[in-house]
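S.K.: need coordinates for the below:
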Amino acid sequence: MSPWFPSSPCTTARCVDVPMRAAGPLRRALRALAAVLVVLAGVLVARLTWGTARRRVTALWSRALLRALGVRVEVRQGFAFFAGAAGAASSGAPGPEAPEPEARLVVANHISWLDPLVVAATMPCRLVAKREVGSWPVVRGLACGAGALPIARDSLHGLPGAVASIADVLRSGESVAAFPEGTTWCGRGSGTFKPAVFQAALDAGARVTPVALVYRESSGPRTTAPRTSGTTRSWRPFSG
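M.R.: Predicted coordinates for the structure are as follows:
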């Protein structure tokens, strides 16, 4: 196992839950059509130069795609959430007119391919992505338009440059989101956060905001993204 390509013990046979509910064929078809339309719209918009509007457009597009897929996002903030205090909950992603937060490094666990969409829909930021994303059709254009920061995970020599790039973005006033585990886990366990992105926050003098992502379907937690109408819950336990 390469230290630059971490792996988790999670496998489809061991960890993937059977869906609690199955959407009917008509609903699946409508969601697929809606998702395709949102993606095509994103490809067109990604060709434009947004400037300071890029983060807001990315957040709106992410929310639209999640909505098309039938995923609802809830944000719960504060330590009180872990004790079950209802007052700690704040449902829904912030609106487009929310006050502009200070630049910070956002770090989260990694469960699903939906994770970047959830984070981008919840808080304006630029996402750290593996360099391979730049070779994927369609996704490449969307990632570039959203200002994704590519990292070559297999290059030790390129690591200082990647850290410097993230630090420069933080100094410019833009937040950066990363998934330091380096691979997906099912949510029942978690991997070790790699230190490189934290060094960027130290170099830039930026705060770090940890985020925990949990997927739920009906009343139970899931080990994968919801396959029907479900809820993605993310909460920020603290910042510092």
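
S.K.: going forward, measure contacts and count neighbours with C-alpha atoms only.
M.R.: Will do.

S.K.: quick one: low-confidence ranges for this protein?
M.R.: The model of the chain has pLDDT under 70 over residues 1-7, 9, 11-22, 49-52, 78-101, 154-155, 187-189, 218-240.

S.K.: what helices or strands is the lengthiest strand in it leaning on?
M.R.: Ranked by residue count under DSSP state E, the longest strand found in the chain is strand 207-217. With contacts taken as 3 or more Cα pairs under 8 Å, 6 or more residues apart in numbering; DSSP states H and E, strand 207-217 sits against strand 104-108, helix 196-204, strand 220-222, strand 230-236.

S.K.: give me that answer again for 6 Å
M.R.: Counting contacts by 3 or more Cα pairs under 6 Å, 6 or more residues apart in numbering; DSSP states H and E, strand 207-217 is packed against strand 104-108, strand 220-222, strand 230-236.

S.K.: which parts of that strand are buried?
M.R.: Using 16 or more other Cα atoms under 10 Å as the test for burial, strand 207-217 gives 207, 208, 209, 210, 211, 213, 214, 215, 216, 217.

S.K.: what strands line up against that strand, and which way round?
M.R.: Here strand 207-217 has these sheet partners by DSSP bridges: strand 104-108 (parallel), strand 220-222 (antiparallel), strand 230-236 (antiparallel).

S.K.: which other helices and strands contact the helix or strand hosting residue 142?
M.R.: Assessed by DSSP states H and E, residue 142 sits inside helix 139-145. With contacts defined as 3+ Cα pairs under 6 Å, 6+ apart, helix 139-145 has these neighbours: helix 25-46.

S.K.: returning to that earlier point: and the longest strand of the chain, C-alpha only, in PDB?
M.R.: Taking Å, rounded to 0.1, in the frame of the first residue of the first chain, the C-alpha atoms of strand 207-217 are listed here in PDB:
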ATOM      1  CA  ARG A 207      -8.400  29.200  10.800                       C
ATOM      2  CA  VAL A 208      -9.400  25.500  10.400                       C
ATOM      3  CA  THR A 209     -13.100  24.500  10.400                       C
ATOM      4  CA  PRO A 210     -13.700  20.700  10.800                       C
ATOM      5  CA  VAL A 211     -16.900  19.300   9.300                       C
ATOM      6  CA  ALA A 212     -18.400  15.900   9.900                       C
ATOM      7  CA  LEU A 213     -20.600  14.500   7.100                       C
ATOM      8  CA  VAL A 214     -23.300  11.900   7.800                       C
ATOM      9  CA  TYR A 215     -25.800  10.500   5.300                       C
ATOM     10  CA  ARG A 216     -29.200   9.500   6.500                       C
ATOM     11  CA  GLU A 217     -32.200   7.800   4.700                       C
END
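
S.K.: between that strand and helix 196-204, how many degrees?
M.R.: Per axes from the mean of the first three to the mean of the last three Cα atoms, to 10 degrees, the angle that strand 207-217 makes with helix 196-204 is 150 degrees.
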